[in-house]
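fold the following, please.
(one chain, ligands or ions: 1)
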Amino acid sequence: MLIQIRSLRKNYDQQAVIDDVSFDIMKGEIFGIVGKSGVGKSTLLRCINGLEPITSGDIVVDNFRLASLDSDGIRNLRRKVSMIFQNFNLLNQKTALENVMLPMEVWGMEKHSSKEKAMSLLDLVGLKEKYHSRPKSLSGGEKQRVAIARALALDPEILLCDEATSALDPKTTKEILSLLKEINKSLGLTLVVVTHQMEVIKEICQRVCVMESGKVSALGKVEDLFLNPEVSLKKLLGEEDLEILPKGTNLRIFFTKEFSDEAIITNMSRDLAINFSIVWGKLENFNGSVLGSLVLHIHPEDEHRIREYLTQRGLKWEVIKNES
Ligand SMILES: Nc1ncnc2c1ncn2[C@@H]1O[C@H](COP(=O)(O)OP(=O)(O)OP(=O)(O)O)[C@@H](O)[C@H]1O
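Next up, the predicted model:
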């Protein structure tokens, strides 16, 4: 594994902002950290790249134990761990090319080769025509592309993305996410994506950790968390079941990849000779695969048979009783 976080605690003014957080991030994966504003996501990212000293616990990044690094060690770590931000953090008086060259200049790289490299990175992010444009003449998506090119300048192993698409419209968000996916694939870069947008998690992440008040409230594969939504994830998804579901017995069926295009519902109705109404359903795209959930309002006396039928066929389900 590339990043190990163990019992991490970070205090501001004696107050824990990160409280006993532990998880691992594997090399080459796209790992999401999701949670509402103020739960400590950005602080966690800044701890990972050594910008924030930690209060207790341990972070190991590619065999660098952060707590024991001297200033040279931190400098070397920063080379491996790059970052992009919501507000792009570009220098306005410099051109796109100059912005991308900056980290290489800081590291004392020769000007000609850093220029060549900056041009090839701008080509990689689709800005061949914009070498000499300044940030004010670029769109939000283009600015983030420059920031991504700059973040790649020192050949990092890890790219931390702090709300990188939060200032962009939905179409541009998709474009930037697909660029990040491409980079992850072609360069083998590990991405840690902090966001409050579930869409971002669903679109590109393989695993996700859900944060609430400085703690990890759920952790796992994105699809598994969606198929077995924990209470914390439900809150983020904005699902308030009881408010929208009819009184009585409701049953939610989760469709995995294997089942998403099978006629389960019509077959069940026929096989069990029962009636029910479909109350609510949705299909979602997870990193290219379609998953869905469907809520049926059923007669209480059919509950047992339906549960058996679905379980025998390997489907996941949950019963939601609305007695309000
Ligand atoms: N330098 C600091 N000094 C004191 N408190 C801080 C500092 N930085 C962050 N905090 C506090 O720590 C908590 C977590 O902040 P953080 O920015 O990590 O949350 P977040 O989940 O990233 O939220 P957002 O998405 O709004 O940035 C907040 O209550 C914030 O006010």
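
how about the strands in the protein?
Remark: strands assigned in the chain by DSSP state E are 3-12, 15-25, 30-34, 56-61, 64-65, 81-85, 158-162, 190-195, 207-212, 215-221, 248-255, 276-286, 289-298, 316-322.

which positions in the chain make contact with the ligand?
Applying Cβ under 6 Å from any ligand atom, we find that the chain lies next to the ligand at 12, 17, 35, 37-43, 196. To be clear about C-beta, it is placed using only N, CA and C from the backbone, and glycine gets the same treatment.

list of residues touching the lengthiest helix in the chain?
When the chain is parsed with DSSP state H, its longest helix is helix 170-187. With contact meaning Cβ atoms under 8 Å, 6 or more residues apart in numbering, helix 170-187 is reached by 28, 30, 124-126, 139-141, 144-145, 148, 152, 159, 161, 164-165, 168, 189-191, 193, 197, 199-200, 203-204.

by mean pLDDT, point me to the weakest helix or strand of the chain.
When each helix and strand of the chain is scored by mean pLDDT, DSSP states H and E, helix 241-244 comes last, with a mean of 62.

got the contact list for Gly125?
Rather than Gly, residue 125 is Val. Here Val125 is in contact with 145-146, 148-149, 179 (Cβ under 8 Å, 6+ apart).

give me the nearest residue to it, chain neighbours excluded.
Arg145 (4.1 Å; Cβ to Cβ, 6 or more residues apart in numbering).

kindly report the same for Cys47.
Ile54 is the one closest to Cys47 (Cβ to Cβ, 6+ apart), at 5.3 Å.

re the thing from before, looking at the contacts of Val125, spot the one nearest the ligand.
Of all those, Ile148 has the smallest distance to the ligand: 19.9 Å, by Cβ to the nearest ligand atom.

where does this protein dip in pLDDT?
Scanning the chain for pLDDT under 70 picks out 229-243, 257, 259-262.

domains in it, by residue range?
3-234, 241-322 (automatic domain parsing).

rewinding a little: deepest in the core, which of the strands of the chain is it.
strand 30-34 (a mean of 26; mean count of other Cβ atoms under 10 Å).

contacting residues around it?
25, 41, 44-45, 180-181, 184, 190-198, 200-201, 204-211, 222, 236.

I'd like the distance from that strand to the chain centre, please.
Relative to its parent chain, strand 30-34 has a centroid offset of 3 Å by Cα atoms, centre = their mean, to the nearest Å.

could you tell me the angle between that strand and strand 190-195?
On the basis of axes from the mean of the first three to the mean of the last three Cα atoms, to 10 degrees, strand 30-34 is oriented at 20 degrees to strand 190-195.

on that earlier part again, weed out the non-buried ones from the contacts of helix 170-187.
With neighbours counted by 16 or more other Cβ atoms under 10 Å, the contacts of helix 170-187 contain buried members at 30, 124-126, 140-141, 144-145, 148, 152, 159, 161, 164-165, 168, 189-191, 193, 197, 200, 203-204.

and stretch 33-44, what's buried?
Buried, per 16+ other Cβ under 10 Å, within stretch 33-44: 33-35, 39-44.

pull the most distant pair out of the residues you listed.
Val34 and Thr43 (14.7 Å; Cβ to Cβ).

now do the residue nearest to Arg6 when sequence neighbours are not counted against Val81, distance only.
Leaving aside its chain neighbours, Arg6 sits nearest to Asp58 (4.4 Å; criterion: Cβ to Cβ, 6+ apart). Counting by Cβ to Cβ, to the nearest Å, the gap from Asp58 to Val81 is 16 Å.

repeat for Lys174
The value you get for Lys174 to Val81, if Cβ to Cβ is used, is 26 Å.

likewise for Leu127?
For Leu127, the distance to Val81 - Cβ to Cβ - is 24 Å.

same question for Ser277.
For Ser277, the distance to Val81 - Cβ to Cβ - is 52 Å.

ok, now Ile33?
15 Å.

one more: Pro135?
24 Å.

same deal with Pro156?
From Pro156 over to Val81 the distance is 6 Å, taken as Cβ to Cβ.

same check on Val100?
Val100 is 18 Å from Val81, by Cβ to Cβ.

which part of the stretch 51-200 of the chain gets nearest to the ligand, residue-wise?
Counting by Cβ to the nearest ligand atom, the stretch 51-200 of the chain gets nearest the ligand through His196, at 5.7 Å.

quick one: residues contacting the closest residue in space to Lys215 that isn't next to it in sequence.
Leaving out its chain neighbours, the residue that sits closest to Lys215 by Cβ to Cβ, 6+ apart is Asp19, at 5.3 Å. With contacts defined as Cβ under 8 Å, 6+ apart, Asp19 is in contact with 9, 213-215.
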